[in-house]
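S.K.: how would this look folded up:
(one chain, ligands or ions: 1)
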Amino acid sequence: MSGQNRFEGYLKEELVQVERELENVKNELALEKSIVKWFDIINGTGADHGSVNCALCKNEQSVHICGNCVVKKRVNHYGCNETPYKDWIIHHEKKHNNLNGGGNGRKIICGECTVLAVRELNFLEGLRSDLVLEAKSSVKRRESYFKSCDFHDSI
Ligand SMILES: [Zn+2]
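M.R.: Here you go, the predicted structure:
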(Lines give C-alpha, C1' and ligand atoms only; values in the text may rest on other atoms or scores of the structure.)
Protein backbone atom coordinates (compact mmCIF):
# COMPACT_ATOMS: atom_id res chain seq x y z
CA MET A 1 0.00 0.00 0.00
CA SER A 2 1.34 3.41 -0.86
CA GLY A 3 1.98 5.96 1.83
CA GLN A 4 -0.81 8.10 0.42
CA ASN A 5 -3.40 5.29 0.61
CA ARG A 6 -2.24 4.40 4.04
CA PHE A 7 -2.65 7.97 5.19
CA GLU A 8 -6.14 8.13 3.68
CA GLY A 9 -6.99 4.88 5.44
CA TYR A 10 -5.75 6.34 8.67
CA LEU A 11 -7.84 9.48 8.23
CA LYS A 12 -10.96 7.43 7.51
CA GLU A 13 -10.39 5.30 10.59
CA GLU A 14 -9.68 8.41 12.62
CA LEU A 15 -13.00 9.88 11.47
CA VAL A 16 -14.83 6.71 12.52
CA GLN A 17 -13.21 6.90 15.96
CA VAL A 18 -14.03 10.58 16.37
CA GLU A 19 -17.66 9.90 15.43
CA ARG A 20 -17.77 7.11 18.02
CA GLU A 21 -16.37 9.43 20.66
CA LEU A 22 -18.86 12.13 19.73
CA GLU A 23 -21.62 9.54 20.12
CA ASN A 24 -20.27 8.72 23.58
CA VAL A 25 -20.28 12.38 24.58
CA LYS A 26 -23.86 12.81 23.28
CA ASN A 27 -24.96 9.74 25.23
CA GLU A 28 -23.26 10.99 28.38
CA LEU A 29 -24.95 14.37 28.10
CA ALA A 30 -28.35 12.77 27.45
CA LEU A 31 -27.92 10.48 30.45
CA GLU A 32 -27.06 13.41 32.72
CA LYS A 33 -30.12 15.31 31.47
CA SER A 34 -32.25 12.26 32.16
CA ILE A 35 -30.85 12.00 35.68
CA VAL A 36 -31.74 15.67 36.28
CA LYS A 37 -35.28 14.95 35.02
CA TRP A 38 -35.74 12.25 37.67
CA PHE A 39 -34.22 14.43 40.40
CA ASP A 40 -36.85 17.04 39.50
CA ILE A 41 -39.65 14.46 39.59
CA ILE A 42 -38.57 13.24 43.04
CA ASN A 43 -38.17 16.84 44.13
CA GLY A 44 -41.77 17.51 43.08
CA THR A 45 -40.70 20.14 40.57
CA GLY A 46 -40.86 17.98 37.45
CA ALA A 47 -43.04 15.45 35.67
CA ASP A 48 -42.51 12.50 33.40
CA HIS A 49 -43.86 12.99 29.88
CA GLY A 50 -42.31 9.79 28.59
CA SER A 51 -40.16 10.16 25.50
CA VAL A 52 -41.37 13.76 25.07
CA ASN A 53 -39.09 14.93 27.89
CA CYS A 54 -36.49 12.18 27.81
CA ALA A 55 -33.08 13.37 26.60
CA LEU A 56 -32.03 9.79 25.84
CA CYS A 57 -35.04 9.29 23.53
CA LYS A 58 -34.42 12.65 21.88
CA ASN A 59 -30.85 11.59 21.19
CA GLU A 60 -32.16 8.84 18.92
CA GLN A 61 -33.43 9.30 15.39
CA SER A 62 -36.67 7.63 16.38
CA VAL A 63 -38.01 6.86 19.85
CA HIS A 64 -39.06 3.47 18.53
CA ILE A 65 -35.57 2.46 17.51
CA CYS A 66 -33.61 3.17 20.70
CA GLY A 67 -30.42 2.50 18.66
CA ASN A 68 -27.53 3.68 20.76
CA CYS A 69 -29.50 4.42 23.92
CA VAL A 70 -27.49 3.39 26.96
CA VAL A 71 -30.66 2.00 28.61
CA LYS A 72 -31.34 -0.30 25.67
CA LYS A 73 -27.72 -1.39 25.59
CA ARG A 74 -27.77 -2.30 29.29
CA VAL A 75 -31.02 -4.30 29.36
CA ASN A 76 -31.03 -5.39 25.72
CA HIS A 77 -34.70 -4.47 25.38
CA TYR A 78 -36.40 -1.67 23.50
CA GLY A 79 -38.68 1.00 24.96
CA CYS A 80 -37.29 0.82 28.51
CA ASN A 81 -38.76 -2.66 28.90
CA GLU A 82 -37.22 -4.63 31.77
CA THR A 83 -36.24 -1.40 33.57
CA PRO A 84 -37.67 0.32 36.67
CA TYR A 85 -39.37 2.76 34.29
CA LYS A 86 -41.89 0.09 33.27
CA ASP A 87 -42.88 -0.38 36.94
CA TRP A 88 -43.39 3.37 37.23
CA ILE A 89 -45.65 3.36 34.14
CA ILE A 90 -47.66 0.33 35.31
CA HIS A 91 -48.06 1.88 38.78
CA HIS A 92 -49.41 5.11 37.30
CA GLU A 93 -51.79 3.21 35.04
CA LYS A 94 -53.13 0.96 37.78
CA LYS A 95 -53.04 3.14 40.89
CA HIS A 96 -53.50 6.60 39.48
CA ASN A 97 -55.49 5.80 36.36
CA ASN A 98 -52.96 7.77 34.34
CA LEU A 99 -52.68 5.94 31.05
CA ASN A 100 -50.52 8.21 28.97
CA GLY A 101 -49.21 10.72 31.43
CA GLY A 102 -52.13 13.07 30.75
CA GLY A 103 -51.49 16.73 30.05
CA ASN A 104 -49.52 17.20 33.25
CA GLY A 105 -47.42 14.10 32.95
CA ARG A 106 -46.69 11.58 35.69
CA LYS A 107 -45.73 13.05 39.05
CA ILE A 108 -45.18 11.80 42.57
CA ILE A 109 -48.61 11.12 44.03
CA CYS A 110 -48.07 8.45 46.68
CA GLY A 111 -45.26 6.81 48.63
CA GLU A 112 -44.87 4.05 46.08
CA CYS A 113 -44.42 6.67 43.34
CA THR A 114 -41.41 7.98 45.29
CA VAL A 115 -39.95 4.48 45.72
CA LEU A 116 -40.31 3.77 42.00
CA ALA A 117 -38.92 7.14 40.93
CA VAL A 118 -35.89 6.68 43.20
CA ARG A 119 -35.39 3.21 41.72
CA GLU A 120 -35.41 4.70 38.22
CA LEU A 121 -32.96 7.41 39.28
CA ASN A 122 -30.60 4.81 40.78
CA PHE A 123 -30.88 2.74 37.64
CA LEU A 124 -29.92 5.71 35.45
CA GLU A 125 -27.04 6.66 37.72
CA GLY A 126 -25.80 3.07 37.45
CA LEU A 127 -25.54 3.50 33.68
CA ARG A 128 -22.79 6.11 34.03
CA SER A 129 -20.24 3.33 34.49
CA ASP A 130 -21.30 1.78 31.15
CA LEU A 131 -20.53 5.02 29.35
CA VAL A 132 -17.17 5.39 31.10
CA LEU A 133 -16.25 1.86 29.98
CA GLU A 134 -17.38 2.64 26.44
CA ALA A 135 -15.31 5.82 26.36
CA LYS A 136 -12.26 3.94 27.65
CA SER A 137 -12.58 1.19 25.06
CA SER A 138 -12.96 3.84 22.38
CA VAL A 139 -9.70 5.49 23.46
CA LYS A 140 -7.97 2.08 23.50
CA ARG A 141 -9.21 1.27 19.99
CA ARG A 142 -7.86 4.59 18.83
CA GLU A 143 -4.48 4.05 20.49
CA SER A 144 -4.04 0.57 19.12
CA TYR A 145 -4.98 1.71 15.63
CA PHE A 146 -2.58 4.61 15.88
CA LYS A 147 0.22 2.25 16.92
CA SER A 148 -0.53 -0.03 13.99
CA CYS A 149 -0.05 2.90 11.60
CA ASP A 150 3.61 3.26 10.84
CA PHE A 151 2.99 5.51 7.86
CA HIS A 152 4.95 8.33 9.42
CA ASP A 153 8.16 7.50 7.58
CA SER A 154 6.41 6.47 4.37
CA ILE A 155 4.80 9.79 3.46
ZN1 LIG B 1 -48.26 6.35 43.28
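
S.K.: ok, now which ones touch the residue nearest the centre of the chain?
M.R.: Most central residue of the chain, judged by C-alpha distance to the mean C-alpha position with Cα atoms, centre = their mean, is residue 70 at 3.5 Å. Contacts for residue 70 (Cβ atoms under 8 Å, 6 or more residues apart in numbering) come out as 27, 30-31, 56, 127, 130-131. C-beta here means a position set from N, CA and C on the backbone, and glycine is covered the same way.

S.K.: closest to residue 5 among those residues?
M.R.: The shortest gap between residue 5 and any of the contacts of residue 70 belongs to residue 27, at 33.1 Å (Cβ to Cβ).

S.K.: spatially nearest residue to that closest one (excluding sequence neighbours)?
M.R.: residue 70 (5.4 Å; Cβ to Cβ, 6 or more residues apart in numbering).

S.K.: which of the helices or strands spans the residue nearest to residue 20 when sequence neighbours are not counted?
M.R.: Nearest residue to residue 20 in three dimensions, chain neighbours excluded: residue 138, at 5.2 Å (Cβ to Cβ, 6+ apart). For residue 138, the element it lies in under DSSP states H and E is helix 128-148.

S.K.: for that helix, name the packing helices and strands.
M.R.: Judged by 3 or more Cβ pairs under 8 Å, 6 or more residues apart in numbering; DSSP states H and E, the packing partners of helix 128-148 are helix 3-43, helix 70-75.
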